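*Asks:* Next comes the sequence, and after it the predicted model I'd like to discuss.
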Amino acid sequence: MSTQFSSTIALTPGAAAAPTSGAPGVTHLKLPNGMEIVVIPDHRTPVVTHMVWYKNGSADDPLGKSGIAHFLEHLMFKGTKENPQGAFSNLVAELGGQENAFTGYDYTAYFQRIGKEHLATLMRFEADRMINLLLSDEVVGPEREVVLEERRMRVDNDPGAQLDETLQATLFAHHPYGTPIIGWNHEIEELSREDALAYYTRFYTPENAILIVAGDVDAPTVETLAAQTYGKIPARAQAPARRRPQEPPPRAERLVTLTDEKVEQPSHERVFVVPSYTTAAPGEAEALDVLAHMLGGGPASVLYETLVGEDKLAVSVGAYYVGAALDDTRLYIFATPAEGVDLKDLDIALDRVLGEFIETQLNEEDLQRAKTRMIADAVYARDSQVSLARWYGEALATGLCVVDVADWPDRIDAVTGAAVIDAARKWLEKKRSVTGFLLPKETAKETADA
Amino acid sequence: MTAHNTLATPKSRAENVQRVVTPGGVEAWLVESYAVPLVALEFSARGGAAQDPAGKEGLATLLASLLDEGAGPHDSRSFHRVVEDLAVHIGFGADRDALSGHLQTLSRNLDQAFALLKLALNDPRFDEDAIERVRGQLAAGIKRDANEPDAMVAKAFREAAFPGHPYSRPARGELDTLERLTRADLETMRGRLFARDNLKIAVVGAIDAATLAARLDETFGCWSPRGDLAPVSDIVVHDIGARKIIDLDVPQSTMRFGRPGIAKKDPDYFAAVVVNHILGGGVFTARLFNEVREKRGLAYSVYSQLHEFDHCPMMVGGAATKNERAGETIEVLEEQCRLLSAEGPSPDELDKAKKFLTGSYALRFDTSTKIAGQLVNIQIDGLEPSYLDERNAKIDSVTLEDARRAARRLLGDGKVLLAVAGRPQGIS
């Protein structure tokens, strides 16, 4: 999906007028110890979404210890001295809350959704496990098994997921985005309690954390409660500078093929390395965002209308741009071939359609259609406090500001047709990409014998 | 209008629900709210894949999938472009018991959005190229799932649980049944399912009752008053205790298990909800989570849930564990079911489960779409808006004795019908 940022303040020209309830905008502030706070009011239901984002993810795993960020995320549920294993989760459940956590390449986040009257309690517990996590080998061992089961479930059972891992590792031969978030199997097996604690000590500090509270709250209350809990944790130092080994400029187009007897439906995928909202020149990420939407954002997109509708070479095709990333990121195009269509022919057709797109002036109607949809989705996002909280979290955790989120609809609106074509010409060069073929075993054999 | 109409005020949620009945006899529940300039509509019409004629499995699914592929003056391409121009969300689906749909629109496009919905439901084109394309998409999905563990255990489970019954058949159909479906089949199915009896609608957002009534009559008013549904018999989950193993060369065994459930209208239903939560509904707190995952590291995902088909209430669940420990996982699972059945929950477990279930009810109402979905479900269950205010009291009133009884009824001797895909060791 293209990264979509949401706003409760600015709406674009042409959108409906802002509600006159005086719905306040989003507030951004910082505690003295460096912890950032974002408050996103939504008073329609007396529920809050409470999230703490740490500005580190799997791309910050030390070399040889892939999966440690994600493993630590699991271990964060194992208790502190004051609140032993299960205490926090039991309390959240008892108070009628739901909780979970997730790890990305660039961030790790912990969140709960609960009646608003329990916000202070959540902050107390979350602040406690920020600095007081207790880990023992008795607890770490079984959880390592759980992570290995998770990897089996997500990857080992699924040839498509195995191809995705390989695509990613090939596209980023040097940068840690090429390493799976969950880690490689052989390295997960070796992760220890000490590894987890070292990572925890380095990254889980208030100056490296962002608190996001969305829902039936106001900024002064959140600030007061946060000061009483998170605010009591002294800053350790500066937030760690995240300097990952950068990917050298790509030189060659690459093809990765995975065959497996379990595959009955072939599929095609191509992924490009492109700038993110953080690394792009002004306007460039917005152009890429619109480009991905125009190419493959739904059944009215260029690739769908051409490859599925007209040429009947594919039954489905889509594209999406992962704009929220600290370093250069990915733009995906994925397609399912029609019955009897060889992936090589689909691949050639994709090259052709992309080539034609770059050489043809954009139809203004098509451009406007894409922008209308993307900007409207920012309004739809206001209907979900969880969506808003996540989008602000992703932005701030990858080096963007609250303002970048708030005025995203305006920046999308300002994207010109020429900018979209330029972005395609510059960033969708085939040498910037890896293509993946997922094939049944017989087909590959036939190809090899031919 | 106040902008703070909430559906989750502690005082009364039902107060915010208007029952709109149109001159044409169409009913919808409405929550008017102007806080966000959008409108969300959800509807459900009884009769889904279980109504597919024998040999034509996949028909209801194909029908639902084609409703937004061209209607009235718009061929497929034109329809998709209009949807984007208006930035609406419109979609349809079919499960075994119902055909459902949703519409979400910004306030400024309200009239045009409803016009699109009216076209899709009353004048779908079913053009030949659209039928072929969507058929191809469904077929690709079937092929993709052919050796996918979750899909495989779901199939093995339903075939064992519901022998000879429509619920045993695939809702998406098979490759050969999909091939047989014709335009005439689609029109016939549409005529049978699109009826005003058993149609449930809910709308949330920036629209008033009078405007909504007019739009509803335009959209649903010309549906026939009575559907033409083939009777579906009630059925109970069969083959409890059986193990259905599908060989798949993967390192992990994926499991699906189930037992007969308790009907929603049964006096013990809410006690069953509480018992299921204790067994495997509560992430981080459930018995299955603690015994299978936390203590033994056997699985990443292990859960149980209540699920009610119209003609079969069930308790179902799943787990996935490496092949070498599959036998151990199923042993622990059935032992936990047996224990809970024999001894019932502890007073502390009961208390905590009730607190979670009542306290978390409000979390179901935090987006317009979710609110509309809840209101449709309440209507399907034949309840009144007052249920929104009564539901928590029903949970709260479950006693230890109720829970013990429900646990015995729900879990019996602790055995389950089990389907496993993989190379499980230790399962006979």
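*Replies:* Looks like it came in fine. Residues are numbered from 1 along each chain as shown, chains lettered A, B, ... in the order given.
*Asks:* Could you identify the longest strand within chain B?
*Replies:* strand B:312-322 (DSSP state E).
*Asks:* so after it, what's the next helix or strand?
*Replies:* helix B:326-343 (DSSP states H and E).
*Asks:* Run through who's touching that next one.
*Replies:* B:243, B:253, B:255, B:257, B:259, B:275, B:278-279, B:287-288, B:291-292, B:296, B:298-299, B:302, B:319, B:321, B:407-408, B:410-416, B:418, B:420, B:422, B:424-427 (C-beta atoms under 8 Å, 6 or more residues apart in numbering or on different chains). The way it works is simple: take the backbone N, C-alpha and C, and place the C-beta from them, glycine included.
*Asks:* Tell me if the following helix or strand past it is near chain A.
*Replies:* Per DSSP H and E, the first helix or strand lying C-terminal to helix B:326-343 is helix B:347-359. Yes: interface with chain A: helix B:347-359 contributes B:352, B:355, B:356, B:357, B:358, B:359 (C-beta under 8 Å from any C-beta of the partner chain).
*Asks:* Now the nearest residue to the fifth one once chain neighbours are set aside: which helix or strand?
*Replies:* Beyond its immediate neighbours in the sequence, the residue positioned closest to residue B:358 (C-beta to C-beta, 6 or more residues apart in numbering or on different chains) is residue B:392, lying 4.3 Å away. With secondary structure defined by DSSP H and E, residue B:392 is part of helix B:387-396.
*Asks:* Just the buried residues of that helix, please?
*Replies:* B:387, B:388, B:391, B:392, B:395 (16 or more other C-beta atoms under 10 Å in any protein chain shown).
*Asks:* Report the distance from that helix to the chain centre.
*Replies:* How far helix B:387-396 lies from its chain's middle: 21 Å, per C-alpha atoms, centre = their mean, to the nearest Å.
*Asks:* following it, which helix or strand comes up?
*Replies:* helix B:400-411.
*Asks:* hmm, who's touching that following helix?
*Replies:* Applying C-beta under 8 Å, 6+ apart, the external contacts of helix B:400-411 come out as B:259, B:261-262, B:268, B:271-272, B:274-276, B:279, B:315, B:337-338, B:340-342, B:344-345, B:347, B:350, B:398.
*Asks:* so is the closest residue to chain B within the stretch 301-450 of chain A in a helix, a strand, or just coil?
*Replies:* Scanning the stretch 301-450 of chain A for proximity to chain B using C-beta to the nearest C-beta identifies residue A:376 as nearest, at 3.3 Å. Under DSSP: H, G, I helix; E, B strand; the rest coil, the three-state class of residue A:376 is helix.
*Asks:* And the strands in chain B?
*Replies:* B:18-21, B:27-32, B:38-46, B:89-94, B:98-106, B:199-205, B:243-247, B:252-260, B:302-309, B:312-322, B:417-422.
*Asks:* An error on my part: the question was meant for the stretch 1-150 of chain A.
*Replies:* In the stretch 1-150 of chain A, the segments counted as strands under DSSP state E, counting those that start in this stretch are A:27-30, A:36-41, A:47-54, A:98-103, A:108-115.
*Asks:* Output the contacting helices and strands for the strand or helix carrying residue A:418.
*Replies:* Using DSSP H and E, residue A:418 maps to helix A:417-427. Contacts defined by 3 or more C-beta pairs under 8 Å, 6 or more residues apart in numbering or on different chains; DSSP states H and E place helix A:417-427 against helix A:284-296, helix A:343-359, helix A:364-381.
*Asks:* Taking the contacts of helix B:400-411, please make a ChimeraX selection of just the buried ones.
*Replies:* To isolate the buried members of those in ChimeraX, using 16+ other C-beta under 10 Å:
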select /B:259,261,262,268,271,272,274,275,276,279,315,337,340,341,344,345,350,398
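*Asks:* Please tell me how far residue B:187 sits from chain A.
*Replies:* Here the criterion is C-beta to the nearest C-beta, to the nearest Å. By it, residue B:187 lies 23 Å from chain A.
*Asks:* Contacts only, for that residue.
*Replies:* residue B:126.
*Asks:* Now residue A:305. Nearest residue, chain neighbours left out?
*Replies:* Residue A:305 sits nearest to residue B:77 (C-beta to C-beta, 6+ apart), 6.2 Å away.
*Asks:* Same question for residue B:130.
*Replies:* In space, not counting the residues next to it along the chain, residue B:130 is nearest to residue B:69; the distance is 4.2 Å by C-beta to C-beta, 6+ apart.
*Asks:* Quick check: residues of the stretch 201-350 of chain A near chain B?
*Replies:* A:215, A:261-265, A:267, A:298-300, A:305, A:308-309, A:312, A:315-316, A:336, A:338-339.
*Asks:* for the chain, what are the low-confidence residue spans?
*Replies:* Picking chain A for this. Low-confidence segments of chain A, defined by pLDDT under 70: A:1-24, A:443-450.
*Asks:* wait, chain B
*Replies:* For chain B (pLDDT under 70), the answer is B:1-11.
*Asks:* Arrange the strands of the stretch 1-150 of chain A in TSV, one row each, with mean neighbour count and distance to chain B as further columns.
*Replies:* Formatted as TSV, those follow (neighbours: other C-beta atoms under 10 Å in any protein chain shown; distance: least, C-beta to the nearest C-beta, whole Å):
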stretch	mean neighbour count	distance to chain B
strand A:27-30	15	18
strand A:36-41	23	11
strand A:47-54	26	5
strand A:98-103	17	6
strand A:108-115	24	5
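*Asks:* Might you report the residue contacts of the residue of the stretch 51-200 of chain A found nearest chain B?
*Replies:* Closest contact between the stretch 51-200 of chain A and chain B, by C-beta to the nearest C-beta, is at residue A:96 (1.5 Å). Residues near residue A:96 by C-beta under 8 Å, 6+ apart: A:114, A:115, B:355, B:356, B:357, B:358, B:359, B:360, B:361, B:362, B:363.
*Asks:* out of those, who's nearest residue A:272?
*Replies:* Taking C-beta to C-beta as the measure, residue A:272 lies nearest residue B:363 of the contacts of residue A:96, at 38.8 Å.
*Asks:* burial of that closest one, as a residue count?
*Replies:* Other residues within reach of residue B:363, judged by other C-beta atoms under 10 Å in any protein chain shown, total 19.
*Asks:* Tell me, how many residues neighbour residue A:397?
*Replies:* 25.
*Asks:* Now do the contacts for it.
*Replies:* Shown in contact with residue A:397 (C-beta under 8 Å, 6+ apart): A:53, A:54, A:55, A:106, A:107, A:109, A:210.
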